[in-house]
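> after the sequence you'll find the predicted model.
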Amino acid sequence: MRTHELTVDTGRGRGLTDLTPACARFAAEAAAGGDGILSVFVPHATAGLVIVELGAGSDEDLLDALDRLLPRDDRWRHRHGSAGHGADHVLPLLAPPSLTVPVVGGQLVLGTWQSICLLDPNRDNPVRTVRLAFVPG
């Protein structure tokens, strides 16, 4: 198994960060033209991973849906940090901290419009770690 760690600066805003190019580079190098599985993991309680279409309004739709499902108000028992931060701790219900993607011939097997993204709604933590692991087939 080969591993790599990414440091991702998500800034102080909420949103999606496209990890696809970094994942593709790592998978190509680690697989050396072979097959296997790419594992992506974010070791944070208030961020998650999604495979989603980016652009054409999809980014904003995803964040709007997240706001409707997990309102950023004072209903949450977990109350430290910025307003509504308790919602960030429920995020793994919708966006888990890990995902896997097949690798065939050294390339990620994603659909035409699919991107691997870090979903970070937490304004209080602008730097995230993402761990990549390639397991050969």
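All right, it came through fine.

> strands paired with the strand ranked longest in the chain, and their directions?
The residue-count maximum for a strand in the chain (DSSP state E) belongs to strand 127-136. The strands beside strand 127-136 in its sheet (DSSP bridges) come out as strand 2-9 (antiparallel), strand 36-41 (antiparallel).

> what packs against whatever helix or strand comes next after the last one?
The one in question is strand 36-41. For strand 36-41, the following helix or strand on the C-terminal side (DSSP states H and E) is strand 48-52. For strand 48-52, the packing partners by 3 or more Cβ pairs under 8 Å, 6 or more residues apart in numbering; DSSP states H and E come out as helix 58-69, strand 98-104, strand 115-120. Just so you know, the C-beta spots here come from the backbone N, C-alpha and C atoms, and that holds for glycine as well.

> list the buried residues in strand 48-52.
48-50, 52 (16 or more other Cβ atoms under 10 Å).

> what's the distance between it and the middle of its chain?
5 Å (Cα atoms, centre = their mean, to the nearest Å).

> mind exporting it as PDB, just the C-alpha atoms?
C-alpha atoms of strand 48-52 as PDB (Å, rounded to 0.1, in the frame of the first residue of the first chain):
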ATOM      1  CA  GLY A  48     -16.500  15.100   4.800                       C
ATOM      2  CA  LEU A  49     -15.900  13.700   1.300                       C
ATOM      3  CA  VAL A  50     -18.300  13.600  -1.600                       C
ATOM      4  CA  ILE A  51     -18.300  12.600  -5.300                       C
ATOM      5  CA  VAL A  52     -20.300  15.300  -7.100                       C
END
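
> quick one: residues contacting Thr112.
By Cβ atoms under 8 Å, 6 or more residues apart in numbering, Thr112 lies in contact with nothing.
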